[in-house]
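Student: any chance you could fold what I've pasted below:
(one chain, ligands or ions: 2)
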Amino acid sequence: MTDIKAALRAQRIETPSWAYGNSGTRFKVFAQQGVPRDPYEKLADAAQVHAYTGIAPTVALHIPWDKVDDYADLARHARDLGVGIGAINSNVFQDDDYKLGSVTHPDARVRRKATDHLLECVDIMDATGSDTLKLWFSDGINYPGQDDLRARQDRLAESLAEVYDRLGEGQRFLLEYKLFEPAFYATDVPDWGTAYAHCVKLGPKAQVVVDTGHHAPGTNIEFIVAFLLREGKLGGFDFNSRFYADDDLMVGAADPFQLFRIMYEVIRGGGFTDEVAFMLDQCHNIEPKIPGQIRSVMNVQEATAKALLVDRAALSAAQQAGDVLGANAVLMDAYNTDVRPLLAELREEMGLAPDPMAAYATSGYFEKIAAERVGGNQAGWGA
Ligand code: PSV
Ligand code: MN
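Tutor: Ligands and ions are numbered 1, 2, ... in the order given. Below is the predicted model:
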């Protein structure tokens, strides 16, 4: 139990700056009270999540949503709040120029512009001390024949190579795949295999990031995790959960069992280290944002605790013996354990309140930001 607690204490879960801003669907964005007006206020909210969970010390930025004049100053502000800057997420999907693609666009001018943005993100890494660049491309085509599938791969490879060469010592990029949306016929990085192949060609500083909402229904995500870890190519996760497509709901809400299976493979594969980044990529469209993030961090922590509880010696013995039901029972015993008392105890040992949700709710922080953050433009996509 001491080992399990030590592992849980060392876990780090990164929250995304965009989770604190307004979000919605293409039908409606519902504004909420107290929402941050700028990246500085987003960091203040993220610091609350860390204050109550003790395991969320970094915040991912999205550029240009979090564009500021002085990134070193933003990083200083984060440090003053007790948090740090995590992954820098690039954005080559919200400019009119990118209608037909960004780094895979048929026009070299647009490709140059997109690659320059990615290079600018590395500059921001330098200024903030971030070691991770996250690349997601909305690039793809809607109709057969619209563009040359193979040429688009060549253009992608060319841009990735340029960004890879720009990475400094201790920096890496994570390539994110997504089956569809916004492209509906063919996406240029639709699956882990495509991302993996590009990363292998590039070298050790390029790894794959698994966004749990980016697969076809029924995909066995833990298999992908096991495979990528075995190859040293799992860079991290964008955690969220989904019932249908890329729903961006709270991780562990739709399928806590899947989250447990994923965490088990991470632990089994030796990925429970700083190498594999546990990041959230979610939007809280109807629920309050800070508690939504606290709940999500707790969900990942609970799944991790259960995965750590798996009796691996017993599991291995049952597997070796061909004991199908016995092996399954070892896994299910761990999954069915109520780890909430263990986590409450751990938090108290860390000097935290045993119930982060309740502690935040009674802290008065929400009332404070609702009263103070009046006027100005609330942050949201594009802000
Ligand atoms: C794309 O759907 C994605 O998962 C990428 O990570 C983006 O950067 C992020 O969502 C934006 O919310
Ligand atoms: Mn993502």
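Student: going forward, measure contacts and count neighbours with C-alpha atoms only.
Tutor: Noted.
Student: assign Ser159 to helix, strand or coil.
Tutor: helix (DSSP: H, G, I helix; E, B strand; the rest coil).
Student: count of neighbours near Ala161?
Tutor: Neighbour count for Ala161, taken as other C-alpha atoms under 10 Å: 17.
Student: next one: it relative to Ser102, how far apart?
Tutor: Distance, Ala161 to Ser102, using C-alpha to C-alpha, to the nearest Å: 15 Å.
Student: just the element for the residue nearest the centre of the chain, please.
Tutor: Geometric centre of the chain, nearest residue: Asp238, 2.5 Å, by C-alpha atoms, centre = their mean. Asp238 is part of strand 234-239 when elements are defined by DSSP states H and E.
Student: other SSEs contacting that strand?
Tutor: In this structure, strand 234-239 makes packing contacts with strand 206-211, strand 277-280, judged by 3 or more C-alpha pairs under 8 Å, 6 or more residues apart in numbering; DSSP states H and E.
Student: continuing past it, what's the next helix or strand?
Tutor: helix 256-268.
Student: may I see the buried residues of that following helix?
Tutor: 256, 258-268 (16 or more other C-alpha atoms under 10 Å).
Student: quick revisit: paired strands for the strand holding Asp238, with orientation please.
Tutor: strand 206-211 (parallel), strand 277-280 (parallel) (DSSP bridges).
Student: just say which of those strands is most tucked in.
Tutor: Using mean count of other C-alpha atoms under 10 Å, the stretch among those with the largest mean neighbour count is strand 206-211, at a mean of 27.
Student: please dump the strands paired with strand 234-239 into CSV; it should also carry distance to Trp18 and mean pLDDT for every row.
Tutor: Output for the strands paired with strand 234-239, formatted as CSV (distance: least, C-alpha to C-alpha, whole Å; pLDDT from 0 to 100):
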stretch, distance to Trp18, mean pLDDT
strand 206-211, 16, 98
strand 277-280, 10, 98
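Student: how about those, which one is nearest Pro16?
Tutor: With C-alpha to C-alpha as the criterion, Pro16 lies closest to strand 277-280 of these, at 6.1 Å.
Student: how close does the closest residue to Pro256 other than its chain neighbours sit to Asn91?
Tutor: Spatial nearest neighbour of Pro256, excluding adjacent residues (C-alpha to C-alpha, 6 or more residues apart in numbering): Ala303 at 7.1 Å. Distance from Ala303 to Asn91, counting by C-alpha to C-alpha: 30 Å.
Student: what does Ser241 give?
Tutor: Going from Ser241 to Asn91 by C-alpha to C-alpha gives 22 Å.
Student: the two: who's more crowded?
Tutor: Legend: neighbour count by other C-alpha under 10 Å for Ser241 and Asn91, higher for Ser241 (27 against 22).
Student: surely the more buried one touches Phe257?
Tutor: No: the pair Ser241 / Phe257 is not scored as a contact, 11.5 Å apart, by C-alpha atoms under 8 Å.
Student: which neighbours do those two share?
Tutor: Shared contacts of Ser241 and Phe257 (C-alpha atoms under 8 Å, 6 or more residues apart in numbering): none.
Student: for this structure, which spans come out with low pLDDT?
Tutor: 382-383 (pLDDT under 70).
Student: now the helices for the stretch 51-200 of the chain?
Tutor: 71-80, 108-128, 149-166, 192-202 (DSSP state H, counting those that start in this stretch).
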